Structure formats: C-alpha cells, structure tokens
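Colleague: Model the structure of this input:
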Amino acid sequence: MDDQAPLPPDGVDDPVPAPVALARAATGLRPVINATGVLVHGALGRAPLSAAARAAVDLAAGTTDLELDLQTGRGDRRGRTALAALAAAVPAAAAVHVVNNNAACLLLVAGALAGRREVVVSRGELLETADGFRLPDLLVAAGARLREVGTTNHTTLGDYADAIGPDTGFVLRVHPAGYRIVGFADRPAIGDLAALCADFAVPLVGDCGSGLLAPEPLLPGEPDVTSWLAAGVGVVTASGDKLLGGPQCGLLFGRADLIDRLRRHPMSRALRAGKLTLAALEATLRQGEPPVRRALRAHPERLSARAETLAAWLRHAGIAASAVTGRAFVDDAAGAAIHRPGTEAGYRPVIPSVGAELPSAAVALDAAVAAPLRHGEPAVLGRVEHGCCLLDLRTVPPELDPVLAAAVLAAATTAGASGLTDPPTSPGGTTTTRVLQPHASDRTTSPPAGPGRTAPSEPAPPVRGTTPHANEPPSARSRPAQPRPVGDALARPREPMPDPGGGVLAAVATVIVHPTDTVASQQATASQHAVPYADALCTAETLQTRRFAVDTISVRGDVGDLETAEMDTVESATIPPPSAPGPGSP
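Modeller: Residues are numbered from 1 along each chain as shown. All right, here's what the predicted structure looks like:
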C-alpha cells in the first residue's frame, strides 16, 4: 500500500534531491549565462524571471485558489489577483485581459472584433518575425480579411479614410520592432490615427510589442501602453516576456466594452494563460525590478568597472583578456536571420541601425574559448566577431561575475588558451573596440610595444591545458606587440573591418593607457590604426586622470582553487583567500 512506503535508510536525513540537481535530471534545458549584450534574447527564452516570480511559480505549482473564493467557497474569476495587479500597473486602461502570448492577442482581436470583416492595416506594417511568423497569415487564419493601405514606405491618413467603410472590423497599428524603413518614409502619428477612427466609430487596435507599460527615458523611441491608451487607442496589446521582464504571455489593455468582447469570445478559452504564468506575472508587477529592467538601467561606468575587474583577474590567471566598450541591444529580432561576415553563426548579431542601442562594456577573449564556454556548466553565450569572443556584461547580473570568471578559466584551459600573453583588443584588423584604462592596482603586465617602447622578451607559454600560478612574476605574463598563436591554432591574418558605423561595436579607437604615456604618444598610437581618436573612450584631457575605483576580484594562490557554484546559489561562488600572496598579486 502507498501509505506503507518504506522509511528512508539510516543516515539519510533528506532523501529529496536538491532542486537544481532534480531539475537537471528531469529536463533537457540547461542554464545559460547571457553574455551576448541582447537584453531580450529569443533563443535564450527572452526575459529571465525575478526571484519573486520564480518563488511565485513554485507556490503556484501546487494546488491554489486559482478560480475559488476561499471566503465564500464559491467560484471566482480566474487569475483575479494577477489581473488586479495588471490593472493597477496601467491605470489608463479601463479593463485588462491576459492570454498566452502576444500573437494570441492579435488572433483573439481579429476573431472577436473583425470576424469575417476587414482589418485595415498599412502595407509597411505587415511584418514577418525571425522564426518565420507572418502577421498577415495570422489575421487570415482568424477569419478576417486584410485591407492593405498605403505603400511600404508611405501611408497617409487619407489612405486609412478611403479604406474604412461599413465592412471594417477595426484598424490595426503595429510597431515594427525588428526592422526600420528609412529615407522617404512616413505614417500618421498614433494620436491622429486614433482621432480618425473615432470619427468613423471604428476601433483602433495597437500592437506596441515591447512590453513597456509606461514611458522609459532610456528608450525614447519605444512605444508604451499608457501613452497609446492616452492617445485614444481602443485596445493595446503587448508581450509580457520582453521589457516588462515577466513570463511569456499576451497582455490586452483598453476600453471595457472591447476587452469584455475579447474575454467572452470562445477563442479566449483556448488562448488563456496557465496558473504558473499568472503567478509569475503578478509577482513581476508587484515585487521590485526584474532582471531585464536592471540590465536596461545599468550604469555604463559600473559596467566598465566590472569589465576591468574581470579582465584584470583573467590576465592575472594567465588568460588573454581585455576590457572593451561596445553596444548592447534590447532585442535580437533585427539580426536573427542575418549572419554578418566574420560573425559566428548562431550568435544572432544585431544591425546597429535597427532597434534601441545602449552603451555597454565587455570582456574580449580569443574566439577559441567560445565553443568551450557554450559547452561548460553553466553554459556561457557570448558574441563572436572577427576573432574575438565578447562577453557583454550588461546582460550578466553582477552577482554572476565570479561564476563567469570560473567558466572562462575552465573554457580557456579546455581550449588550450590559458597562459596567453597577447590580450585581444579588437575584433579585426582595423580596430572597432577601445581598451578601457586598467586600474592602477591591476596593472601587472609589462607595457606593450609602441612609440618609444621596446617589446620585452617573453618566456615560452605554459604547456597546453595547464594554468600558470598566480604568484608568477609579472614578467612571465608580459605581452609582445604582435599577435601570437592561440593553442594549436595560428593567429589568423587580420582583415580590414567594415566601416565602424556598420559594426556591432560603436567604439572607434584603441587606447591602451600606461602611467608613463604622454598624450602625444597616445595620439600617435591611435593614429596607427587609421581611425578617429576624438571619439575614443577617454579624451586627451582625461587620459591621464581617469580611473575606475573598483573592488577587484583578487586571486592570491593557485587559480585552480577557484570555486564554482550553481547559478542560483551564487553567494557561494567566491575566490578563496590566499595561503600566501604571490609577488604579482594585485
């Protein structure tokens, strides 16, 4: 009988496996550290959930009062507390509703508000996503008929007015998040289009897409739900797993009569959100700032300090690493199907002219470590460009820095890239990255060769697969001016990069700062690369004074003693105290 199950063996206090170990045994999903610089990465499941949302999912995994009023013992509206939190987050909405994703929002709207009637939409907004999803196909599948207006690049209010008639179900406005039409291009402002629809008594439905519930100062060009409702849009749809930072779901806001029609439509039952989704959504709305929002608002100076700290520790451990500046991106949709020359397939590069960009900082490693990083535990996904693997720290939570350091150390050892003495400073021949100034206390390597300098002699690198001790003298880690082989792979010939404006990194000059450098020598070094110096990270006036005061990751002892930890127990991911500090320790 089940109630006569045997007791656990003697000496076993807790026979239940640890949650992380149990999860890894039960699913094929693997945890990944997102170091791509893409805040909402589709291949990585978009937004990571906050700690509060994860706890809420765990609670909702059991039996809950999802559709029950415990006070009266009677049934109640499904997910009422999540809907109340959503309504409180957007006071401009008279009513709200939740389905399982944003595509479901549009499917439900087309079925409930149009039926077999017409949906008026601009030709320039009939988009296709990176995974092959086409908006026109979705609307037609719901039974609606498309009435396309305007042209790809130019649509006027008159085009909409001429198309609206007795057979119009609604007018659709879609924000093109994954592409941009430039040059001679125009379309009506959202407020003007809403006023036109009000004159014709036709609902205006807007898909703002990004998941912003209110204006975000860092993303002035990104639409938000509150602003569109204030402009007169009847129904606004958005994704829950993008900039809102919640679970995958579709959010509907708008007029009470329209939302009620959507909620009562038979299709709504097939598209409803599950209890785990509702629990995570409510926790995201009520508790603190989710990881995506923290990454969005991370200060560039702090990112630079973290990159310097991590790069200095890796150099101290004998791994070629440089701190570089670059650009992070909100979404990866723009470049998901495009592989730029010199970029490894699968890293989803983003075209800088499309979508919102954010200043960021990264650690540049040799590309040889990219595959071992992806195969490690935990896996680390960076961005590979022209011989460099860039680990962008805007998308890496600060508490995971020790875990990231351990992962790089293990990957470099696997790739035979430990003990390198020529840190990569740019993804190509004509540099498009800028080396951040090292902290004075972290400068443990000899200066590189340059104007007025002589490259120091260098001993043979360590044997492949070994890691040098942290107490080696700094001279053993000095670097020459010319590239050296990486493991068994010879250094690749340098090829000219495309125009800096078309690259993923927006920086345009290399600046390696040393205490004895003069401004003249730094300008001469920059001019060697045939790129503008004025746009460098540190201007000529600040090169001598700029410092990043940071708490460095310190290693005093054998770097092989570095502890690793599970990603959800990063508090135990520490670098052990020294037994005896080495002469080269920072």
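Colleague: For this structure, give me the ranges with low pLDDT.
Modeller: Within the chain, the stretches with pLDDT under 70 are 1-18, 333-355, 417-586.
Colleague: what's whichever helix in it runs longest packed up against?
Modeller: Within the chain, and with DSSP state H defining each element, the longest helix by residue count is helix 300-316. Packing contacts for helix 300-316, counted by 3 or more Cβ pairs under 8 Å, 6 or more residues apart in numbering; DSSP states H and E, involve strand 322-331, strand 357-366, helix 401-415. C-beta coordinates here come from the backbone N, C-alpha and C atoms, glycine included.
Colleague: can I get these in JSON lines with mean neighbour count?
Modeller: Output for those, formatted as JSON lines (neighbours: other Cβ atoms under 10 Å):
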{"stretch": "strand 322-331", "mean neighbour count": "27"}
{"stretch": "strand 357-366", "mean neighbour count": "26"}
{"stretch": "helix 401-415", "mean neighbour count": "23"}
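Colleague: Please identify the buried residues of the longest helix of the chain?
Modeller: 303-316 (16 or more other Cβ atoms under 10 Å).
Colleague: Next: stretch 228-247.
Modeller: So, applying 16+ other Cβ under 10 Å, buried residues of stretch 228-247: 228-229, 231-247.
Colleague: Among the residues you listed, which ones are in helices?
Modeller: 228-229.
Colleague: tell me the contacts of the closest residue to residue 122 other than its chain neighbours?
Modeller: Spatial nearest neighbour of residue 122, chain neighbours left out: residue 155 (4.2 Å); criterion: Cβ to Cβ, 6 or more residues apart in numbering. Contacts for residue 155 (Cβ atoms under 8 Å, 6 or more residues apart in numbering) come out as 122-124, 149, 186-188.
Colleague: can you do 10 Å?
Modeller: By Cβ atoms under 10 Å, 6 or more residues apart in numbering, the residues touching residue 155 are 121-125, 148-149, 185-188, 193.
Colleague: quick check, nearest of these to residue 42?
Modeller: Checking the contacts of residue 155 against residue 42 with Cβ to Cβ, the nearest one is residue 125 at 20.2 Å.
Colleague: For the closest one, which non-adjacent residue is closest in space?
Modeller: Nearest residue to residue 125, sequence neighbours excluded (Cβ to Cβ, 6+ apart): residue 174, at 4.1 Å.
Colleague: For the one you found, name its beta-bridge partners.
Modeller: residue 207 (DSSP bridges).
Colleague: right, and it touches residue 206 too?
Modeller: Yes - counting by Cβ atoms under 10 Å, residue 174 does reach residue 206; the two are 7.8 Å apart.
Colleague: shared neighbours of those two, anything?
Modeller: residue 237.
Colleague: who's more crowded, those two?
Modeller: Neighbour count, other Cβ atoms under 10 Å: between residue 174 and residue 206, residue 206 has more, with 27 against 19.
Colleague: Enumerate every residue touching that one.
Modeller: 171-175, 190, 193-194, 223, 225, 228-229, 231-238, 253-254.
Colleague: What of residue 233?
Modeller: Per Cβ under 10 Å, 6+ apart, neighbours of residue 233: 171, 173, 190-191, 193-194, 197, 203-206, 208, 223, 225, 227, 253-255.
Colleague: Filter those residues down to the buried ones.
Modeller: Using 16+ other Cβ under 10 Å as the burial test, the contacts of residue 233 include 171, 173, 190, 193-194, 197, 203-206, 208, 223, 225, 227, 253-255 as buried.
Colleague: just checking, which of the contacts of residue 155 belong to helices?
Modeller: With DSSP H as the criterion, helices contain residue 193 from among the contacts of residue 155.
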